[in-house]
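Participant: This is a predicted model, with the sequence first.
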Amino acid sequence: MQINIEKWNWYVFINRKTPIFSDREIDLILDLPPKQFKEELYATHYANWIYTNTGNATFHRAMHNALEKGHANRVFPATLEIGARNLEHFNHVKHEFKSYTLTDIDNLEDEMPSWKTVNQSIEFVRDDISCSKLDSNSYDRVIVTCVLHHVPNFEAALIEIRRLTKSGGVIDILLPCDPGLVYRMLKYMGPYRYARKANYIKIKKLLDARDHINHFSGILELTKFTFRKDETRISIFPFKRLSYDFNLWATIRILKSNA
């Protein structure tokens, strides 16, 4: 199914506004099979829904910058970013590297030429992190941003992430506090409010239901278990001493041991 891309481009790149879909377009999108529904939304609309809204863009930049704290002037020769899609995190990376491998479960080969203009060290590999085909003990740093909420077997993904990381390597995980109370409240005040104005609230709610299938506390507990032999530091923002219900995101930094 093709949505009116000309209308989309006109709104986003000229007016910097979210397009208002017709009821017919809404029905067509909602009738797509679940897998195609997600592929269409991510390929055509999702990044623009985030970054053309000032509040959403500020929130996402703050999360990605938090994950890079402490890495300025460091060197991670072989860096791996899992679920990279549109280079959403790459522009926030502060350290040096010799190779930067991007993976995604979807085929993003068509985007490689534009990525290469950003940095010739970038390589894309289509890969499922739950059963990765990448080599063990290969990466000095592994970056995982806003991925684990989406993965059906995320415990298997955590085990694979540890396998891919070199001894002494660093794993950085960014984890939104979904379904925390404050996180949900801000979602209704921000993205959902804009979605209602632009007539795509049904699409947005269905995407969220199909997309964030794992909850924060479960991911956190299984992460601590998987990396129990490693040095792990968890930082929660913005209120470090309060429950995830009163916070927005957490960063998890893991130094893999030799065990």
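Facilitator: Happy to help now that I have it. Numbers count the residues shown, from 1 in each chain.
Participant: Please make it C-alpha for all contacts and neighbour counts, starting now.
Facilitator: Will do.
Participant: what's the closest non-adjacent residue to residue 259?
Facilitator: Leaving aside its sequence neighbours, residue 259 sits nearest to residue 229 (C-alpha to C-alpha, 6 or more residues apart in numbering; 7.1 Å).
Participant: can you tell me how far that neighbour sits from residue 162?
Facilitator: Residue 229 sits 11 Å away from residue 162, going by C-alpha to C-alpha, to the nearest Å.
Participant: Among the two, which residue is more densely surrounded?
Facilitator: Using other C-alpha atoms under 10 Å, the more surrounded residue of residue 229 and residue 162 is residue 162, with 21 against 13.
Participant: on that earlier part again, what residues are up against the residue nearest to residue 259?
Facilitator: 256, 257, 259 (C-alpha atoms under 8 Å, 6 or more residues apart in numbering).
Participant: just the strands in the stretch 151-259 of the chain please.
Facilitator: 165-176, 231-237, 249-255 (DSSP state E, counting those that start in this stretch).
Participant: wait, which of these is closest to residue 90?
Facilitator: With C-alpha to C-alpha as the criterion, residue 90 lies closest to strand 165-176 of the strands of the stretch 151-259 of the chain, at 13.3 Å.
Participant: counting contacts, what elements does that closest one pack onto?
Facilitator: helix 54-67, strand 139-145, strand 249-255 (3 or more C-alpha pairs under 8 Å, 6 or more residues apart in numbering; DSSP states H and E).
Participant: could these go into a markdown table alongside mean pLDDT?
Facilitator: Converted to a markdown table, those look like this (pLDDT from 0 to 100):
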| stretch | mean pLDDT |
| --- | --- |
| helix 54-67 | 85 |
| strand 139-145 | 97 |
| strand 249-255 | 97 |
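Participant: Of the ones you listed, flag the one that's most buried.
Facilitator: Of those, the one with the most neighbours on average (mean count of other C-alpha atoms under 10 Å) is strand 139-145, at a mean of 24.
Participant: tell me the angle of that strand relative to strand 249-255?
Facilitator: 170 degrees (axes from the mean of the first three to the mean of the last three C-alpha atoms, to 10 degrees).
Participant: could we number from 11 for the rest of this?
Facilitator: With the count now opening at 11, the last piece we talked about shows up as strand 149-155.
Participant: any weak-confidence spans in this structure?
Facilitator: Residues of the chain that meet the criterion pLDDT under 70 lie in 11-30, 56-65, 118-129.
Participant: And the host helix or strand of residue 133, what does it pack against?
Facilitator: Per DSSP states H and E, residue 133 falls inside strand 132-136. Packing partners of strand 132-136 (3+ C-alpha pairs under 8 Å, 6+ apart): strand 109-114, helix 122-128.
Participant: orientation of it relative to strand 109-114 in degrees?
Facilitator: 30 degrees.
Participant: Partner strands of strand 132-136, with direction?
Facilitator: Sheet partners assigned to strand 132-136 using DSSP bridges are listed as strand 109-114 (parallel).
Participant: Next, show the common contact partners of residue 239 and residue 172.
Facilitator: What both residue 239 and residue 172 touch, as defined by C-alpha under 8 Å, 6+ apart, is the set residue 266.
Participant: do you know how far the residue nearest to residue 224 when sequence neighbours are not counted is from residue 220?
Facilitator: Distances taken as C-alpha to C-alpha, 6+ apart place residue 159 nearest to residue 224, at 4.7 Å, with adjacent residues excluded. Using C-alpha to C-alpha, residue 159 is found at 10 Å from residue 220.
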